[in-house]
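In: A predicted structure for the sequence below; I have some questions about it.
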2 protein chains.
Amino acid sequence: MPLVVQKYGGSSVADADSIRRVARRVAATRAAGHEVVVVVSAMGDTTDDLLDLSREITSTPSQRELDQLLTAGEQISIALLALALHEIDAPATSFTGRQAGLRTTDSFGAARITEIDPSRLRTALDEGCIAIVAGFQGWTEDEHTTTLGRGGSDTTAVALAAALDADVCEIYSDVDGMFTADPRVVPSAQRIPFLTYADATELAAHGAKILHLRAVEFAQRHGVRLHVRSSFTEQPGTWVATSRDELPAGWSNDHADETDHPTDPHDSEDHPMEEPLIQGVAHTRDQAMLTVVNIPDKPGRAASIFAALSQAVSVIDVLGQTHTARDNGLVDFSFALPADDAERARAALLELQDELEFTDVSVDEGVGKISVSGHGVRSNAEVPAQLMRALADAGITVNMFTTSEARISVVVADHQVEDAARAIHSAFGLDGATEAVVHAGTGR
Amino acid sequence: MPLVVQKYGGSSVADADSIRRVARRVAATRAAGHEVVVVVSAMGDTTDDLLDLSREITSTPSQRELDQLLTAGEQISIALLALALHEIDAPATSFTGRQAGLRTTDSFGAARITEIDPSRLRTALDEGCIAIVAGFQGWTEDEHTTTLGRGGSDTTAVALAAALDADVCEIYSDVDGMFTADPRVVPSAQRIPFLTYADATELAAHGAKILHLRAVEFAQRHGVRLHVRSSFTEQPGTWVATSRDELPAGWSNDHADETDHPTDPHDSEDHPMEEPLIQGVAHTRDQAMLTVVNIPDKPGRAASIFAALSQAVSVIDVLGQTHTARDNGLVDFSFALPADDAERARAALLELQDELEFTDVSVDEGVGKISVSGHGVRSNAEVPAQLMRALADAGITVNMFTTSEARISVVVADHQVEDAARAIHSAFGLDGATEAVVHAGTGR
């Protein structure tokens, strides 16, 4: 029997009505002849509410206790979803991260999955049950509760799909898939029916919040096919796999009108090989720019910095290193990071101060980031030029910018991020004729 | 180093301020040279809020999923209390029921503790840490999450005190101890400085909601000294032990004015041996009267009924069996139960219908119960007569009544329960000169 892993974000289970709606969808999938494992996030604002409570008590929480606190959120939603499934006569059992056999490292707040023992889930499925698993959480060898950090529920879903050899891992949110830009900000953004893992990685890493980078990387490594779609419609969303050949028949039949979409490289085979092909524009707000100031130029300093950051934060979103040429031989390193992680990263870096002999770590919190991803964006000088011109025309100053093989990212003032995304989307000819359908909220 | 187990109910940890207050108290106990294990309930209304959510989804919840749901409440409060202790520089680690090594049966919603492995708590204490444990919850051999049912947090505290060989188990609530009646209802009620396990059992079983029957029984079986006191004052409360000789020196020094308190049998050594001695008046509202109707008089029927009830509800609060003498040889059995348990008990009994051939199980939810406990209450006919006269004078009708060696209980209409408690307290001469101090709310 084909096995489907479905992940529903916080907005899909925000209240009793939403939970009932998800239950009907899950039950329908089972009734259509699938084994179903469901991964859920905490309900709506639960996680934020719990964080607010913790902030009332302390501004410097122990991450171990924060994990103990936050995992209660998913525990609530799995139990309620199980009850909602029982109510419509679908057999279901809920599992915490521990009960689902999800073993992690002990990096509290940013734990990484080390091992999955899916035997309990397998038994539940063999008994005809729907298995409901708390996303975002795991358990260490020493029996501490952990959270997987940002994007954790997506990662839980993909990891379980890999461990159970699922046919597909469906990531549900309130958007119809992945788009050429965030449709909430760029109404002319268009859905991308298919992405390779590499392309999805670029989009996920730099702003497409509906699918998390770690999850894509995990999916690629373990060959898990992803289907990113809306929990509010039956429309296909965005498939992510190695190639289209892996997708089920009819995966995009009802989207024939999109086959000549300019952002889908595989549909544009007459596209000149050497001309850059822009995949999409992603943006992220609430970023911080972190600068390690006045580092003497010693070998190994970058390695030390990266090592410290990888311990402190779950996703290092490195934008670039600004080498300020100065007479005194000192340089600066700058990074962009989610603002929430800035203090943690700063503290971790300051522990290196004696070793690396830098002056300070400065944090600028009022920034955001826009990334343009596609093919040939670096080898062709026209792309950055076009991007800078579009921003200049819109009156937006670029603070910092960086390029990789498949991406250009710029850091701008936080309040200009959305204008910048619209200007760039338009400048690269990505605007579609129809507006995308968006529902309220997003989950974690 | 002396070890203290402290249990704080939901009202003591209702919000961030209360949690900080409890943290200061816990830290002060540790600073005074004790090892401290703290057991906490869910914050304020959390459990009720979670139950409301479940009721929005189903009226017939699976108890396994309810347990998965409700245990999230205590998980939240232990983490927050740990954070509050860290904030005042007291080392602390939180433990779920599972992490604290609390193994139970798989009677979801009413699990019983089968085994405690306190090694993790012991290690934490040896490292100088305060151990904070989620009350009310455990874990089965098959790794399901369970709850201990009504009074579960008290039971957790006493069980841990027994397993860790604690010097005392302190049960904190918003009342200064156990009283001759509920001081919220009978303002002239007086604190009882000392109770034997047997006396405390009677009081706890029949309405003194601040200490749970199971916890007293557990304490008696394992010789755990209890100190029931208020988290709002430093006053001694009510000690419960085998005899006064076990209590620490000065346990009631600052309460010299109470030594001639008429309700304290050990302080009234010139009290005539044969005269009944009333310990206190307890009342419970929100009860249901459950009647198994028209049972043919067969051997073993009572055993079957009790067996079914003990599976279904955590505390069987049996008030009596009404044998209605009828020509047809059929009898009725009636019980009083907490109203919340009535449906569960009814369902369990109805499964016996084929076996026992009764007609129906009827439920009357609008009742409450008052119990008078003390010594010699049954052997002396004056006590029930005095009680019935007091109720008749107050215009209150008795629906059902039962006596045991040390207790008389009456069932009356729910809205008359508090009037009845005041009338009886007065009739037995228990009224004190001063009013008791009471703070808001109670925990579970």
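Out: Done, it's in. Numbers count the residues shown, from 1 in each chain, chains lettered A, B, ... in the order given.
In: need the strands for the stretch 201-350 of chain A, in chain order.
Out: Applying DSSP state E, counting those that start in this stretch to the stretch 201-350 of chain A gives strands spanning A:226-230, A:238-241, A:277-296, A:330-338.
In: how about the ones you listed in TSV, adding distance to chain B, mean pLDDT and mean neighbour count?
Out: Every residue, glycine included, has its C-beta placed from N, CA and C. TSV is the format used below for these (distance: least, C-beta to the nearest C-beta, whole Å; pLDDT from 0 to 100; neighbours: other C-beta atoms under 10 Å in any protein chain shown):
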stretch	distance to chain B	mean pLDDT	mean neighbour count
strand A:226-230	23	93	25
strand A:238-241	31	94	26
strand A:277-296	24	82	22
strand A:330-338	22	76	21
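In: got those strands as a markdown table, with distance to residue B:231 columns?
Out: A markdown table is the format used below for the strands of the stretch 201-350 of chain A (distance: least, C-beta to C-beta, whole Å):
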| stretch | distance to residue B:231 |
| --- | --- |
| strand A:226-230 | 49 |
| strand A:238-241 | 54 |
| strand A:277-296 | 40 |
| strand A:330-338 | 40 |
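In: so how far is the stretch of helix or strand residue A:72 belongs to off the chain centroid?
Out: Assigned by DSSP states H and E, residue A:72 belongs to helix A:63-87. Centroid separation between helix A:63-87 and its chain, computed with C-alpha atoms, centre = their mean, to the nearest Å, is 21 Å.
In: next: stretch A:357-374.
Out: Here stretch A:357-374 is found 19 Å from its chain centre; the criterion is C-alpha atoms, centre = their mean.
In: just list whatever residues bridge to residue A:227.
Out: residue A:170, residue A:239 (DSSP bridges).
In: surely residue A:386 and residue A:428 touch.
Out: Yes - the pair residue A:386 / residue A:428 is scored as a contact, 7.0 Å apart, by C-beta atoms under 8 Å.
In: compare these two (neighbour count), which wins?
Out: Between residue A:386 and residue A:428, counted using other C-beta atoms under 10 Å in any protein chain shown, the more crowded position is residue A:428 (24 against 18).
In: residue ranges with poor pLDDT in the stretch 101-250 of chain A?
Out: Flagging of the stretch 101-250 of chain A using pLDDT under 70 yields the residue ranges A:205-209.
In: which residues of chain A lie near chain B?
Out: Taking C-beta under 8 Å from any C-beta of the partner chain as the contact definition, chain A meets chain B at A:16, A:19-20, A:50, A:53-54, A:56-58, A:60-62, A:64-66, A:68-69, A:71-73, A:75-76, A:78-80, A:82-84, A:86-87, A:93-94, A:96, A:98-99, A:120, A:143-145.
In: could I have the buried ones of those residues as ChimeraX selection syntax?
Out: Buried residues among the residues of chain A next to chain B (16 or more other C-beta atoms under 10 Å in any protein chain shown), as a ChimeraX selection:
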select /A:16,19,20,50,53,54,56,57,58,61,62,64,65,66,68,69,71,72,73,75,76,78,79,80,82,83,84,86,87,93,94,96,98,99,120,144,145
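In: contacts for stretch A:289-300?
Out: With C-beta atoms under 8 Å, 6 or more residues apart in numbering or on different chains as the test, stretch A:289-300 has contacts from A:301, A:305, A:319, A:322, A:328-337, A:342, A:345-346, A:349, A:356-364, A:367, A:399-400, A:411.
In: mind listing the helices for chain A?
Out: Using DSSP state H, the helices found in chain A span residues A:16-31, A:46-57, A:63-87, A:119-126, A:152-163, A:197-205, A:213-222, A:301-312, A:339-350, A:353-356, A:382-393, A:417-427.
In: just the ones you listed: most buried one?
Out: Mean neighbour count (mean count of other C-beta atoms under 10 Å in any protein chain shown) peaks for helix A:152-163 among those, with a mean of 28.
In: tell me what it is packed against?
Out: strand A:3-8, strand A:35-40, strand A:102-104, strand A:113-116, strand A:130-134, strand A:168-173, helix A:213-222 (3 or more C-beta pairs under 8 Å, 6 or more residues apart in numbering or on different chains; DSSP states H and E).
In: neighbouring strands of the fifth one in the sheet, and parallel or not?
Out: So the one you mean is strand A:130-134. Strand A:130-134 sits in its sheet next to strand A:35-40 (parallel), strand A:92-95 (parallel), going by DSSP bridges.
In: can you check the first one too?
Out: Sheet partners assigned to strand A:3-8 using DSSP bridges are listed as strand A:35-40 (parallel), strand A:168-173 (parallel).
In: for the record, mean pLDDT for it?
Out: Mean per-residue pLDDT for strand A:3-8: 97.
In: quick one, what contacts the most centrally placed residue in chain A?
Out: In chain A, the centroid-proximal residue (C-alpha atoms, centre = their mean) is residue A:212; its distance is 1.8 Å. Counting by C-beta under 8 Å, 6+ apart, residue A:212 touches A:150-151, A:154-155, A:204.
In: which among these gets closest to residue A:230?
Out: Residue A:230 has its nearest neighbour among the contacts of residue A:212 in residue A:154, at 15.2 Å by C-beta to C-beta.
In: ok, for the closest one, nearest residue in space, not its chain neighbours?
Out: residue A:215 (3.6 Å; C-beta to C-beta, 6 or more residues apart in numbering or on different chains).
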